[in-house]
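Enquirer: Could you look at this predicted model? Sequence included:
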Amino acid sequence: GAVVSQHPSRVICKSGTSVKIECRSLDFQATTMFWYRQFPKQSLMLMATSNEGSKATYEQGVEKDKFLINHASLTLSTLTVTSAHPEDSSFYICSASPMPGPRIYNSPLHFGNGTRLTVT
Amino acid sequence: DAKTTQPTSMDCAEGRAANLPCNHSTISGNEYVYWYRQIHSQGPQYIIHGLKNNETNEMASLIITEDRKSSTLILPHATLRDTAVYYCIALNTGKLIFGQGTTLQVKP
């Protein structure tokens, strides 16, 4: 089955530093990748949609300069949390679809196992 | 995307069928119903999806009413490992928007 790998699984960083999270599709090419954030006891919140070779589309209220997304290849998208602060501590999850355009509607997304970010 | 409504929590006895309802009364004709689940501190896992017809796979069955305003996810023989948060999502824009889901507790 389709596998999405996320790295690192856990990261602790100091306030003011930047952290990069990688999301890779291991056995398929992902035209579209999505980034989510989840706070404790809450549901997943969609942050942005990442399309290979183009700029990411951010959801309302998500700062694009704070959360930099790069989707440089069909198998890799990265999320960089810049100048991290304790309130950025969260569980970050990526997902990917092998289907482009309208075909994405009838194709399940595959999720990574998430990255637990703790900012001290 | 149509909004979905699910009960906050449910219990199920181990070995019994777990029936998880979902209301999506504003669903449009081209919106698929997707079910995912999330086990604590892991990424969501795809379970099943459908448009109009009932669907079955190795994990579960999905029953969609004829008017498509509601659906039921059936786990035929629940095990302790099925304890998770189950999300029902109506999808047509290609983006999965998660609601609060149903916390299913499978008890021995």
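Expert: Received the coordinates, thanks.
Enquirer: Can you give me the neighbour number for the nearest residue to A:Ser43 once chain neighbours are set aside?
Expert: Using C-beta to C-beta, 6 or more residues apart in numbering or on different chains and skipping residues adjacent in sequence, the residue nearest A:Ser43 is B:Phe98, 4.6 Å away. In this view, the C-beta of every residue, glycine as well, is placed from N, C-alpha and C. Neighbourhood size, B:Phe98 [other C-beta atoms under 10 Å in any protein chain shown]: 20.
Enquirer: Okay, B:Phe98 and B:Thr4: tell me how far apart.
Expert: Applying C-beta to C-beta, to the nearest Å, one obtains 10 Å for the distance of B:Phe98 from B:Thr4.
Enquirer: Same check on A:Asp27?
Expert: Distance from A:Asp27 to B:Thr4, by C-beta to C-beta: 30 Å.
Enquirer: Give me the more crowded residue out of those two.
Expert: Neighbours were tallied for A:Asp27 and for B:Thr4 using other C-beta under 10 Å; the higher tally belongs to B:Thr4 (24 against 11).
Enquirer: all strands for chain A, in order.
Expert: Assigned by DSSP state E, chain A shows strands spanning A:4-7, A:10-13, A:19-25, A:32-38, A:45-51, A:57-58, A:67-73, A:76-81, A:90-97, A:110-111, A:115-119.
Enquirer: Leaving out the residues flanking it, which one is nearest to the closest residue to chain A within chain B?
Expert: Relative to chain A, the nearest point of chain B is B:Gly43 (3.6 Å; C-beta to the nearest C-beta). Counting by C-beta to C-beta, 6+ apart, the nearest residue to B:Gly43 once its immediate chain neighbours are dropped is A:Phe111, at 3.6 Å.
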